[in-house]
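**Student:** Sharing a model that was predicted from the sequence below.
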Amino acid sequence: ALILKIARHSPCSLCSHCKALSLSDATTVILDTESPPTSKTSAPNSHPYITTCCCGHAVADHAAIGLLPFHEFHRRAQLAVHIDEYLVAQNKLLDFIYEDNHIISLRNQMQ
């Protein structure tokens, strides 16, 4: 879950046009605490986690997460959690497009 939080607020390390993890319009985001819409053919708890960005690269490619030293991973994780807490306060946690000056400023610190 921390990797997803960091990736959400970090630019892709493999392409220059992707400034943060973004999702297709067809993606429905739900909180881990919510139950996904179910159908008769879906198994319980079968909802997938986000694995790729619209840019086509893996979540871990955002901020080159696999290459970060532990202290840098920890710093970025704390910052990502702070950004998510701010998004909760704005009622925008599930809105992957939303950004304001405060979020932009914090995201600049993710690099």
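**Tutor:** Yep, it's here.
**Student:** all helices for the chain, in order.
**Tutor:** All helices of the chain, identified by DSSP state H, fall at 2-8, 70-89, 101-108.
**Student:** Please identify the deepest-packed of these.
**Tutor:** helix 2-8 (a mean of 20; mean count of other C-beta atoms under 10 Å). Quick note: C-beta positions are derived from backbone N, CA and C, even for glycine.
**Student:** can you dump the C-alpha coordinates of that one into CSV?
**Tutor:** Taking Å, rounded to 0.1, in the frame of the first residue of the first chain, the C-alpha atoms of helix 2-8 are listed here in CSV:
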residue,chain,number,x,y,z
LEU,A,2,2.9,2.4,0.7
ILE,A,3,4.3,1.8,-2.8
LEU,A,4,0.9,2.8,-4.3
LYS,A,5,0.8,6.0,-2.1
ILE,A,6,4.3,7.0,-3.2
ALA,A,7,3.6,6.2,-6.9
ARG,A,8,0.4,8.2,-6.8
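**Student:** Who are the contact partners of residue 62?
**Tutor:** Residue 62 makes contact with 6, 7, 8, 10, 11, 12, 13, 18, 20, 21, 53 under the criterion C-beta atoms under 8 Å, 6 or more residues apart in numbering.
**Student:** OK, contacts around the spatially closest residue to it that is not a sequence neighbour?
**Tutor:** Leaving aside its sequence neighbours, residue 62 sits nearest to residue 7 (C-beta to C-beta, 6 or more residues apart in numbering; 3.7 Å). For residue 7, the contact set (C-beta under 8 Å, 6+ apart) comprises 21, 53, 59, 60, 62, 63, 65.
**Student:** again, only using 6 Å
**Tutor:** Residue 7 is in contact with 21, 59, 62, counting by C-beta atoms under 6 Å, 6 or more residues apart in numbering.
**Student:** Sweet, I'm off.
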